[in-house]
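Participant: Below are the sequence and a predicted model; questions follow.
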Amino acid sequence: MVTSVRPVRDFANDATFPRLMRLDRKPIAILCAAVFALTAADAGTVGFNRDVRPILSEKCYHCHGPDAKQRKADLRLDVPEVAMKSGAIVPGHPEKSEMIGRILTTDSDDHMPPAKAKMSPLSATEIETLKKWIAEGAEYEPHWAFIPLKPAAAP
């Protein structure tokens, strides 16, 4: 039994294919470059909801978050006033922030997260993100669901 194989049709350059459906590589390249540029520009500052909250939620809030039954040392890192009043976070000064000191210490009694918590330590990228956030002023943001949408600019 012989089967015939149909050649693959090149839609990108086929004149019979509707013009709107043909791929034009220039707009795609321009779009990719624009997305990359916007991403690179946004990477300059650390956003609390985008960059910091996920780290704190995964590594810190288990013991220093909203659950009063699990909270250790009467420290809440999810409430800015408490975190700053305690000295855990000193806006503009990561070197003075107790949180950074505890993350970087080699003393097993003071290191965060502690070994008994059975969590992986923070990565170098996570530590740098927290340091940069504190150096930039440690601005907290409300949960994204509570931030009103901003109207888009008219084209």
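Facilitator: Great, that's in hand.
Participant: Distance check, the residue lying closest to residue 111 once chain neighbours are set aside against residue 67.
Facilitator: Nearest non-adjacent residue to residue 111, counting by CB to CB, 6 or more residues apart in numbering: residue 105, 5.3 Å away. Any C-beta I mention is one placed from the backbone N, CA and C, and that applies to glycine too. Using CB to CB, to the nearest Å, residue 105 is found at 25 Å from residue 67.
Participant: same thing with residue 154?
Facilitator: With distances taken as CB to CB, residue 154 is found 45 Å from residue 67.
Participant: same deal with residue 91?
Facilitator: In this structure, residue 91 and residue 67 are separated by 25 Å, where distance is defined by CB to CB.
Participant: now swap in residue 90 and tell me
Facilitator: Using CB to CB, one obtains 25 Å as the distance from residue 90 to residue 67.
Participant: Equivalent analysis for residue 147, please.
Facilitator: Between residue 147 and residue 67 the distance, using CB to CB, works out to 24 Å.
Participant: Next: residue 102.
Facilitator: Using CB to CB, one gets 20 Å for the distance from residue 102 to residue 67.
Participant: So between these two, which is more surrounded?
Facilitator: For the pair residue 102 and residue 67, the greater number of neighbours falls to residue 102 (15 against 12), based on other CB atoms under 10 Å.
Participant: which stretches of this protein form helices?
Facilitator: Counting by DSSP state H, the chain forms helices over residues 25-42, 53-59, 61-64, 80-85, 98-104, 124-135, given from the N-terminal end onward.
Participant: what packs against the last one?
Facilitator: What it means is helix 124-135. Other helices and strands packing on helix 124-135, by 3 or more CB pairs under 8 Å, 6 or more residues apart in numbering; DSSP states H and E, are helix 53-59, helix 98-104.
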